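1. Have a look at this prediction, sequence included:
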Amino acid sequence: MALRVHAVAASAPSAAPKSTFLCLKRPSFLMLRRPSKLLTRRCALLDEQQGQVSFTEEENSLIEALVGIQGRGRSAPPQQLTDVEQAVQALEGLQGVPDPTSSSLIEGRWQLMFTTRPGSASPIQRTFVGVDNFSVFQEVYLRTNDPRVTNIVKFSEAIGELKVEAAALIKDGKRILFQFDRAAFSFKFLPFKVPYPVPFRLLGDEAKGWLDTTYLSQSGNLRISRGNKGTTFVLQKKTEPRQKLLSAISTDTGVLEAIEEFLSSYQKKGKGEAELEEGEWQMLWSSQTETDSWLENAANGLMGKQIVKNGQIKYVVDILLGLKFSMVGTFVKSSANTYDVTMDDAAIIGGGFGYPLELESKFNLELLYSDDKIRITRGYNKIVFVHLRTDGSKKK
C-alpha cells in the first residue's frame, strides 16, 4: 500500500459558534446499563440545578473561554489564555455587585476554574492547582464570629483533601485581609488529620495577604479576584453542563453518568442537522479502556488526536523521538447525525519518511453532541468518545 501524505489545516473561525445536539431515538448507552428510575432522578436533579445557573452575555464569554482549559490555565495554549484575559478585563470594566465584600453573595463554596501562576505563587498553588485530577475550592465566610477564607484541594472521594485556613477581615468593599493560621490533610484511610508542614506562626508577614474581588456577578455564580502576589482567580459556585462533564473526565469520577446527564440536559432543545466540525480534536475519554496492543489502540482512535478536514479523518499519535503513528480515512454523511467512515491509510512517520502499515477499519460514526469546543460520538465497535478541540476556539 502506497503511503499518501495528506496536508490538514486548521479550520478558519466562523462568525458565531455553532452548537448541535441530536436527540437519541433509541435508549442511550447508559440506559442499557442502569435502571431508568435512577436516570430519571438524575435528570430531574440536573434540570433543577440548570434552572438556577444564570450568566449574562459578557459572563458567558468568559465561561466559553474557560471550557476545556487545561490545568486551570497552567497548560492552556496562548490563544485561550488571551481569550480568558480579555473576557476577565471586560467583566472587570462592568458594574457587578457593588461592594462585594458587603454582599452575602460572596459567601459560600467556590470552585476554582482558572488562575494565573506568577513566580511568587504559594506552594499550594504551584503544587496542586495545575493538576486537573484534583478539584480546588475556596470557602468564604465573613459574617460569623470567626470570619475565614479556606482553600481546599480535594484529591478524590477515596483519598481525601487538604484544607488550608486563614483568619479573615474585611478592609473595604472589595478587599479581604487574611492570615493563614492552620492547615491539615484529611485522608479517608486515616482516623486522624495530618498537619500541613508549614509553620504559619513562624512565617510572620509571609502568612498574611489580601484578596480583592474585582467582579461578583449579580447571580452570585461567578467571581473574579486578584491577590497580593499578582494572581488572578476565576471562581464559580455553579458550573455549566460542559464544565461539569469535563470535570468528571478530569477526575475520572462518574464519567458515564456525567455524559448521560449532559446529553439529557440538551434533549429539550430539539433536533438539528449535525456536521462533523473540522479541526484538531484531542481524545479525552472513551467508554473502552485501552488494550495491551498499542497499535490497536492507535488504529481505533483510543489515543492521540483526530484531525478532520475536507472529508478526511486523520488519527495522529506521538510515539517517541519524533516518530508518529498516522492513519487517514474518508467519511461520507449517511444521515442527519451519522457518517460512514473508512480508515485505510496507516503508516509510521518519522521526518519525511513513512513506513506503510496494512490496516483497515470501517464503521459508522454517530454524532451525539457537537459544538466548537467538545464533541461526543459513538464510533468504532460502538465505543463512545469525548473529544476536545485543541486548535483554537471560534469567535462569537
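-> Good, I have the coordinates. Fair warning: this is a prediction, and the values are worked out from it, not measured in the lab. Numbers count the residues shown, from 1 in each chain.
2. Tell me where the stretch 251-396 of the chain has helices.
-> In order along the chain, the stretch 251-396 of the chain carries the following helices (DSSP state H, counting those that start in this stretch): 255-265, 294-299.
3. Need the ones you listed in TSV (columns: mean pLDDT, distance to Glu107 and mean neighbour count).
-> In this view, the C-beta of every residue, glycine as well, is placed from N, C-alpha and C. Shown next, in TSV, are those (pLDDT from 0 to 100; distance: least, CB to CB, whole Å; neighbours: other CB atoms under 10 Å):
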stretch	mean pLDDT	distance to Glu107	mean neighbour count
helix 255-265	88	28	20
helix 294-299	88	47	17
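4. residue ranges with poor pLDDT in the protein?
-> Applying pLDDT under 70 to the chain picks out residues 1-53, 118-128, 130, 267-273, 392-396.
5. any idea how it splits into domains?
-> Residue ranges for each domain of the chain read 21-53+241-271, 70-80+89-238, 273-396, as given by automatic domain parsing.
6. and the ones you listed as CSV, adding distance to Leu62?
-> Output for these, formatted as CSV (distance: least, CB to CB, whole Å):
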stretch, distance to Leu62
domain 21-53+241-271, 12
domain 70-80+89-238, 6
domain 273-396, 12
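7. quick one: which of those domains is nearest Glu59?
-> domain 70-80+89-238 (5.4 Å; CB to CB).
8. Going along the chain, name the strands of the stretch 251-396 of the chain.
-> Secondary structure of the stretch 251-396 of the chain by DSSP state E, counting those that start in this stretch: the strands cover 279-286, 305-309, 312-318, 323-335, 338-350, 353-357, 361-370, 374-378, 384-389.
9. I'd like these as JSON lines, with distance to Arg74 appended.
-> Shown next, in JSON lines, are the strands of the stretch 251-396 of the chain (distance: least, CB to CB, whole Å):
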{"stretch": "strand 279-286", "distance to Arg74": "16"}
{"stretch": "strand 305-309", "distance to Arg74": "20"}
{"stretch": "strand 312-318", "distance to Arg74": "20"}
{"stretch": "strand 323-335", "distance to Arg74": "25"}
{"stretch": "strand 338-350", "distance to Arg74": "30"}
{"stretch": "strand 353-357", "distance to Arg74": "35"}
{"stretch": "strand 361-370", "distance to Arg74": "27"}
{"stretch": "strand 374-378", "distance to Arg74": "20"}
{"stretch": "strand 384-389", "distance to Arg74": "16"}
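10. can you list the ones you listed in TSV and add mean neighbour count?
-> As requested, the strands of the stretch 251-396 of the chain are exported to TSV (neighbours: other CB atoms under 10 Å):
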stretch	mean neighbour count
strand 279-286	20
strand 305-309	19
strand 312-318	19
strand 323-335	17
strand 338-350	18
strand 353-357	14
strand 361-370	19
strand 374-378	22
strand 384-389	22
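11. Let me know which of the ones you listed is the nearest to Gln89.
-> Comparing the strands of the stretch 251-396 of the chain under CB to CB, the one sitting nearest is strand 384-389, at 23.9 Å.
12. what's the angle between the closest one and helix 255-265?
-> 80 degrees (axes from the mean of the first three to the mean of the last three CA atoms, to 10 degrees).
13. what bridges to the closest residue to Phe114 other than its chain neighbours?
-> Counting by CB to CB, 6 or more residues apart in numbering, Val234 is the residue found nearest to Phe114 once chain neighbours are left out, at 4.1 Å. Judged by DSSP bridges, the bridge partners of Val234 are Phe114, Ile224.
14. Is it correct that Val234 is in contact with Thr116?
-> No - Val234 is beyond contact range of Thr116, at 9.7 Å (criterion: CB atoms under 8 Å).
15. before we move on, the earlier item: ok, the residue nearest to Phe114 - how many residues close by?
-> 27 (other CB atoms under 10 Å).
16. Against Glu260, how distant is it?
-> Computed as CB to CB, to the nearest Å, the Val234 to Glu260 distance reads 28 Å.
17. Then Lys382?
-> Lys382 is 15 Å from Glu260, by CB to CB.
18. and if you look at Gly379?
-> Distance of Gly379 to Glu260, given as CB to CB: 18 Å.
19. Equivalent analysis for Arg148, please.
-> Distance, Arg148 to Glu260, using CB to CB: 37 Å.
20. residue ranges for the strands of the stretch 51-200 of the chain, please.
-> 108-115, 135-141, 148-156, 160-170, 175-187, 194-195.
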